[in-house]
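Colleague: fold the following and give me the result.
(one chain, ligands or ions: 1)
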Amino acid sequence: MVDAATPETSAPKGESRAFEADVSRLLHLMVHSVYSDRDIFLRELVANGADACEKLRTMALQNDALLGGDTELGVTIACDPEGKTLTVSDNGVGMSHSDLVEALGTIARSGTRAFLEQLGEKAEGSNLIGQFGVGFYSAFMVARSVDVLTRKAGAAEAWKWSSDGQGAYTIEPAAEADAPARGTRVVLHLSEGSEDYAEPHTAERIVRQHGSAVPVPVDLIEKPGAEKRRIADGTAIWTKSKSDISAEDYTSFYQSVATQFDEPALTIHYRAEGRHEYNVLAFVPSTPPLALFDPLRKGRMKLYVRRMFISDELEILPGYLRFVSGVVDSADLPLNLSRETIQDSPILAAIRKGVTNRVLSELDKLADKDAELFGKVWTAFGPVLKEGLYEDYERRDALFSIARFATSKQPEGGRSLKSYVAELRENQTDIWYLVGDDAKRLAASPHLEGFRARGIEVLLLSDPVDAFWVQNALGYEGKPFKSVTQGSADIANVPLAEGESAPDDKDMGADVASLLAFVKQTLGDAVSDVRPSTRLAESAACLVAGEHGPDRGLERLLAAHGKLSEATKPVLEVNPRHGIVASLAARLQGGGDKTVIEDASFLLLDQARAAEGQPPVDAAAFAQRLTRLMQSALA
Ligand SMILES: Nc1ncnc2c1ncn2[C@@H]1O[C@H](COP(=O)(O)OP(=O)(O)OP(=O)(O)O)[C@@H](O)[C@H]1O
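Modeller: All right, here's what the predicted structure looks like:
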């Protein structure tokens, strides 16, 4: 919220200032934009005017003198086809000198920053503008120069900001005759080829398309001297009944409130009644918003109280639902509370709980009703929703119910835990999982062989957050989660699938047992143990974590983030029935030169690491060993 009447003590007279470097870059893009839907600039300016009105309305609750006699807040668009200008005015909160410098010389919006980052060094990405909208600066898509005349509510002085979008702008005191009594007037001197925007029917068309999104009335003045005509009534869409709202109205409101340009995948509109009354209109996008993985995890819900905008900074939905945008309008919250007091209010807590539960249950319903659409939502937001599995114990079951996974049987994803559990194999007591950072590598992991041979399905978890929730989740429907790379895999009781065979420790002859002892001695400190595996069918060896240490995938993740002071030593599991193992065991029994067996021991370890996407323990030694072995094989 803006501070109302900050006195401007030592504001300089006329001065020229350079734009922040990023603004210049952005403006360059705007001016040279080839983006075809330039209409968005008007929508951005009208939205800014409406925001300014709402800010003032909220501030006036504490200090009604700010409104003075001018209490009907709104936005006016004035066309001048002859003068080739288009003016968007509001009688909202206005800007002081420092507000101007801050707001119109730098980049404040996180969305705009993200847009620039997304663009990287490329300049040709200007078609992205349309997808994200870039606020005030989009005016330079159609204007060769822009004047902003503004007077902050309650202030005596007014300011004029001007720029041709070429790297600098000027600010000077506005002539009293030019200045609005309160609020902001943005005058666009239209550039060649954009003169059509000075035509009243163009402005009217654009506003009508998006009018239901604007929470204050919008008037049109068709030409200088003409009467105002109302073209949007400013009725808040969420207070209307569903039957009076068209799909287009919902979409355009969504696009404006979410600053997204896609269709919503899910629209949630309802009125909660009972102990607390509030209206909710919330949307799940169909494509991920920018800055989705911003560490601040800022939400996108706005709080209104009886149609009065209060804040878009309050946490209404938990961080893992930060992709949901929309509005909550409470009938019960007092209007004169500070943001901090509202944040702690029990009424907001009740709203938070109600809306969170509702969003999750609507997602669950969508999953039942339209699996394909839900699949898209899960692909876009699953990694974010899964953060809830880690941090929202209370709703873990609700989240488990909507979560979908890639599994060894269904690597393309979309498997629910419910269906996993419904198809457990005979004697299978656990939900098995494999964690890593690469879905493809997981699907090809040797750890899965023994599970495959027994028809046991394994969840393949490749999102960064997976390693964390799965470690402290108790289980699902009484079945614990168990890592296939940790501890001993007691799956021997699960019968083999038809035509499959898999090793078990009983398969191991005394010669293999001596080989494993030799390998262990050779590898020394590099491993904590070497033992026969029930996990493997085709591969010769794999690495697993001890029973109590972190899972292999989690350990790699912690190490990558510098969160592991000392790596634990893995266990090397060897397939006792593998051809290599049998030959090595025979060679060991036969006595003679042990170099080959030593080399092979290290190579077994290194190739098990490679299967996990890890480099060899010692790259130079690895190369020498491999060369020696190839030489003797080729000799
Ligand atoms: N008509 C106006 N009245 C008062 N302040 C304004 C007006 N237009 C712009 N501003 C100020 O300029 C800032 C930047 O505007 P811009 O449209 O670029 O982004 P934004 O409105 O903050 O972003 P968003 O659309 O995501 O809310 C605004 O936050 C506001 O402080």
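Colleague: can you show me the helices along the stretch 101-250 of the chain?
Modeller: 110-119, 128-132, 200-210, 247-258 (DSSP state H, counting those that start in this stretch).
Colleague: mind telling me which of those the model trusts least?
Modeller: Lowest mean pLDDT of these: helix 128-132, a mean of 54.
Colleague: neighbours around whatever residue of the stretch 301-450 of the chain ends up closest to the ligand, how many?
Modeller: Relative to the ligand, the nearest point of the stretch 301-450 of the chain is D312 (7.7 Å; Cβ to the nearest ligand atom). Where you see a C-beta, it was placed from the backbone N, CA and C, and this is true even at glycine. Applying other Cβ atoms under 10 Å, we find 16 residues neighbouring D312.
Colleague: what residues sit buried inside the helix or strand where I580 lies?
Modeller: Using DSSP states H and E, I580 maps to helix 579-589. Across helix 579-589, burial judged by 16 or more other Cβ atoms under 10 Å covers V581, L584, A585, R587, L588.
Colleague: cool, stretch 216-235 as well?
Modeller: Within stretch 216-235, the residues scored as buried using 16+ other Cβ under 10 Å are V216, P217, V218, D219, L220, I221, E222, I231, A232, G234.
Colleague: and if you look at stretch 185-194?
Modeller: Going by neighbour count (16+ other Cβ under 10 Å), the buried part of stretch 185-194 is R185, V186, V187, L188, H189, L190, S191, S194.
Colleague: and which of these is nearest to the ligand?
Modeller: Sorting these by distance to the ligand puts V186 at the head of the list, at 6.5 Å, by Cβ to the nearest ligand atom.
Colleague: just give me the neighbour total for the closest residue to I245 other than its chain neighbours.
Modeller: Take I245 and drop its neighbours on the chain: the residue closest to it by Cβ to Cβ, 6 or more residues apart in numbering is I237, 6.2 Å away. Using other Cβ under 10 Å, I237 has 23 neighbouring residues.
Colleague: closest point of the stretch 201-350 of the chain to the ligand, which residue?
Modeller: Going by Cβ to the nearest ligand atom, the ligand is nearest to T259 of the stretch 201-350 of the chain, at 5.6 Å.
Colleague: and that residue, how far from F323?
Modeller: According to Cβ to Cβ, to the nearest Å, T259 stands 12 Å off from F323.
Colleague: need the overlap of contacts for the two.
Modeller: Common contact partners of T259 and F323 (Cβ atoms under 8 Å, 6 or more residues apart in numbering): P289.
Colleague: H32 versus the residue of the chain found nearest the ligand, what's the distance?
Modeller: Residue of the chain nearest the ligand, by Cβ to the nearest ligand atom: G135 (2.5 Å). Shown here: G135 relative to H32, a distance of 18 Å by Cβ to Cβ.
Colleague: neighbour count for these two, which is higher?
Modeller: Ranked by neighbour count (other Cβ under 10 Å), G135 and H32 place G135 first, with 23 against 11.
Colleague: that one and L45 touch, don't they?
Modeller: No: applying Cβ atoms under 8 Å as the test, G135 and L45 come out as separate, 9.1 Å apart.
Colleague: residues from the stretch 201-350 of the chain in reach of the ligand?
Modeller: Within the stretch 201-350 of the chain, the residues that sit near the ligand (Cβ under 6 Å from any ligand atom) are T259.
Colleague: hmm, I was thinking of the chain
Modeller: Counting by Cβ under 6 Å from any ligand atom, the residues of the chain near the ligand are 44, 47-49, 51-52, 90, 92-93, 95, 103-104, 108-109, 111, 135-136, 184, 259.
Colleague: can you do 5 Å?
Modeller: For the chain, the contact set with the ligand under Cβ under 5 Å from any ligand atom comprises N48, G49, A52, M95, A103, R109, G135, F136, T184.
Colleague: just these now: which is nearest P532?
Modeller: Nearest to P532 among the residues of the chain next to the ligand is R109, at 59.7 Å by Cβ to Cβ.
Colleague: re the thing from before, columns pLDDT on top of the residues of the chain next to the ligand, output as TSV?
Modeller: As requested, the residues of the chain next to the ligand are exported to TSV (pLDDT from 0 to 100):
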residue	pLDDT
N48	90
G49	94
A52	94
M95	96
A103	88
R109	62
G135	79
F136	89
T184	98
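Colleague: identify the farthest-apart pair in these.
Modeller: R109 and T184 (17.2 Å).
Colleague: just give me the neighbour total for the closest residue to N91 other than its chain neighbours.
Modeller: Of all residues not flanking N91 in the chain, G183 sits nearest, at 4.1 Å (Cβ to Cβ, 6+ apart). Residue crowding around G183 was assessed by other Cβ under 10 Å; the count is 26.
Colleague: how far away is G183 from P570?
Modeller: Taking Cβ to Cβ, one finds G183 at 67 Å from P570.
Colleague: same question, A65
Modeller: Here A65 is placed at a distance of 72 Å from P570 (Cβ to Cβ).
Colleague: tell me which of the two has more neighbours.
Modeller: Applying other Cβ under 10 Å to A65 and P570 shows that P570 carries more neighbours, namely 23 against 10.
Colleague: separation between the residue nearest to K160 when sequence neighbours are not counted and T106?
Modeller: Distance criterion Cβ to Cβ, 6+ apart; nearest residue to K160, sequence neighbours excluded, is A174 at 4.1 Å. Using Cβ to Cβ, one gets 21 Å for the distance from A174 to T106.
Colleague: looking at those two, which is more packed in?
Modeller: A174 (20 against 11).
Colleague: mind pulling up the pLDDT for that one?
Modeller: pLDDT for A174: 96.
Colleague: wait, doesn't E555 sit right on K569?
Modeller: No: the pair E555 / K569 is not scored as a contact, 10.6 Å apart, by Cβ under 8 Å.
Colleague: returning to what we had before: which of the residues of the chain next to the ligand sits closest to E423?
Modeller: Among these, R109 lies closest to E423 (Cβ to Cβ), at 48.0 Å.
Colleague: and for stretch 599-617, what's in contact with it?
Modeller: Residues outside stretch 599-617 that contact it (Cβ under 8 Å, 6+ apart) are 436-438, 441, 444-446, 518-519, 522-523, 526-527, 539-543, 552, 556, 572, 574, 580, 584, 621-622, 625-626, 628-629.
Colleague: what sits against R25?
Modeller: L116.
Colleague: how about the secondary structure of it?
Modeller: Here R25 is helix, with the state taken from DSSP: H, G, I helix; E, B strand; the rest coil.
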